[in-house]
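Colleague: Fold the following, please.
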Amino acid sequence: MSAAREQRRADLRAARCRWGMSTPHRPALGVIADDFTGATDVASMLVRCGLRTLQVIGVPDGPAPRADALVVALKSRTAPVTVAVADSLAALHWLQDAGARRFYFKYCSTFDSTPAGNIGPVAEALMDALGADFTVACPAFPENGRTIFRGHLFVGDQLLSDSGMRAHPLTPMTDANLVRVLQAQCTKPVGLLRYDTIARGVPAVVERIAALRREGVALAVADAIDDDDLRVLAQACADLPLLTAGIAGAALAVAQALRMARQAARAVRLRPVRPQLQRRVAVGATHPVDQVGAARHRGARVGGQCGCGGQ
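Modeller: Next up is the predicted model:
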């Protein structure tokens, strides 16, 4: 096998490995959603980005059909913690059996939960099952007015705690500080990926994640006030096996990154391998007909002097 062809295959493997790219037998992304509506939102976002997506309700008994992304819709948002954790782990195992290697835990963009859970306990259980020491929590969906700044969730111009969610009958959200809310649900340390870090781009976020890991932080709430912030997060978290996020904003960013990686992999796969040959044409006359004929030789540099004096 030629060195060029071997390099082309290595480039393709690298592109697939970085994003867990799908093959004819393996999905690129497995999504675990805590309710049916949210699962449909995520699935529609993935389809919008060109990923072949299959949504199922509950954990199927049989094998998964072929798809770029699989979305499992559960009813675990307000279930007892033990039930929510068990159902989420069952969904994870089904997705793993289907071949998925990157996973997305989807919950509501208003972080619907109580001090007992279920966002924190499910996220920690998924992390433990995957052997992950770090993940990001980002329920922001700027398109629908859900933004996070300095760890505080806003609904439009209001803090979450000042919105109608304050009086929710099942999951009253009386605190907009998501670091504080999530820490109450978790046994692992929770930190913050601040906006000023995200604004500096992917390398700064990667560096900050490494620092948070060194500090022992296992889950980090990430600020995001627009779609560009979500795209930065998606790229910076490309090597994490698990992301947790809200309605669909981060899923859209992840899907766009997956699509770009797939397109890059396809470009590598289709790039022709050409022998490194040079072609030289010597024109022995200055007649226009001779010049036109020589010009038909692609890549040749044609001159107008007799012999080999062309430029």
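Colleague: Where does Thr136 sit, in terms of helix or strand?
Modeller: Not Thr; residue 136 is Val. Using DSSP states H and E, Val136 sits in strand 135-138.
Colleague: What ranges does this structure have for its strands?
Modeller: Secondary structure of the chain (DSSP state E): strands at 29-33, 53-57, 69-73, 103-106, 135-138, 146-149, 152-155, 158-159, 190-193, 219-222, 242-245.
Colleague: ok, back up a step: check the offset of the strand holding Val136 from the chain's centre.
Modeller: The chain centre lies 12 Å from the centre of strand 135-138; the measure is Cα atoms, centre = their mean, to the nearest Å.
Colleague: Only C-alpha atoms, please: export that strand in PDB.
Modeller: Extracted C-alpha coordinates of strand 135-138, given in PDB (Å, rounded to 0.1, in the frame of the first residue of the first chain):
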ATOM      1  CA  THR A 135     -18.800  16.500  32.300                       C
ATOM      2  CA  VAL A 136     -20.600  19.800  31.500                       C
ATOM      3  CA  ALA A 137     -24.100  20.900  32.400                       C
ATOM      4  CA  CYS A 138     -25.500  23.600  30.100                       C
END
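Colleague: what packs against it?
Modeller: helix 119-130, strand 219-222, helix 227-236, strand 242-245 (3 or more Cβ pairs under 8 Å, 6 or more residues apart in numbering; DSSP states H and E). All C-beta spots, glycine's among them, are computed from the backbone N, C-alpha and C.
Colleague: Dump the strands of the chain into JSON lines; add mean pLDDT and mean neighbour count as well.
Modeller: Listed next are the strands of the chain as JSON lines, based on pLDDT from 0 to 100; neighbours: other Cβ atoms under 10 Å:
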{"stretch": "strand 29-33", "mean pLDDT": "95", "mean neighbour count": "29"}
{"stretch": "strand 53-57", "mean pLDDT": "96", "mean neighbour count": "17"}
{"stretch": "strand 69-73", "mean pLDDT": "96", "mean neighbour count": "27"}
{"stretch": "strand 103-106", "mean pLDDT": "95", "mean neighbour count": "25"}
{"stretch": "strand 135-138", "mean pLDDT": "96", "mean neighbour count": "25"}
{"stretch": "strand 146-149", "mean pLDDT": "96", "mean neighbour count": "22"}
{"stretch": "strand 152-155", "mean pLDDT": "98", "mean neighbour count": "21"}
{"stretch": "strand 158-159", "mean pLDDT": "98", "mean neighbour count": "15"}
{"stretch": "strand 190-193", "mean pLDDT": "98", "mean neighbour count": "23"}
{"stretch": "strand 219-222", "mean pLDDT": "98", "mean neighbour count": "27"}
{"stretch": "strand 242-245", "mean pLDDT": "93", "mean neighbour count": "25"}
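Colleague: give me the low-pLDDT residue ranges for this structure?
Modeller: 1-25, 247-311 (pLDDT under 70).
Colleague: Now do the helices in the chain.
Modeller: 3-19, 36-48, 81-98, 119-130, 178-185, 195-198, 202-214, 227-236, 249-270, 288-295 (DSSP state H).
Colleague: what sits against the closest residue to Pro65 other than its chain neighbours?
Modeller: Distances taken as Cβ to Cβ, 6 or more residues apart in numbering place Leu54 nearest to Pro65, at 5.9 Å, with adjacent residues excluded. Leu54 makes contacts with Ala64, Pro65, Ala67, Ala69, Leu70, Val71, as judged by Cβ atoms under 8 Å, 6 or more residues apart in numbering.
Colleague: run the last query once more with 6 Å
Modeller: Counting by Cβ atoms under 6 Å, 6 or more residues apart in numbering, Leu54 touches Pro65, Ala67, Leu70.
Colleague: between those residues, which is closest to Ser109?
Modeller: Comparing these against Ser109 with Cβ to Cβ picks out Leu70 as the nearest, at 21.6 Å.
Colleague: residue contacts, the closest one?
Modeller: Under the criterion of Cβ under 6 Å, 6+ apart, the contact list for Leu70 reads Pro27, Gly30, Leu54, Ala64, Leu95, Ala98.
Colleague: got a list of contacts for the strand holding Val136?
Modeller: Strand 135-138 has contacts (Cβ under 6 Å, 6+ apart) with Met127, Leu219, Ala220, Val221, Ala222, Ala224, Cys237, Leu242, Leu243, Thr244, Ala245, Ala250.
Colleague: Can you tell me how far the third one is from Pro189?
Modeller: So the one you mean is Ala220. 9 Å (Cβ to Cβ, to the nearest Å).
Colleague: What are the phi and psi values at the closest residue to Asp68 other than its chain neighbours?
Modeller: Setting aside the residues directly before and after it, Asp68 is nearest to Leu51 in space (Cβ to Cβ, 6+ apart), at 4.0 Å. Main-chain dihedrals, Leu51, degrees, to the nearest 10: phi -90, psi 130.
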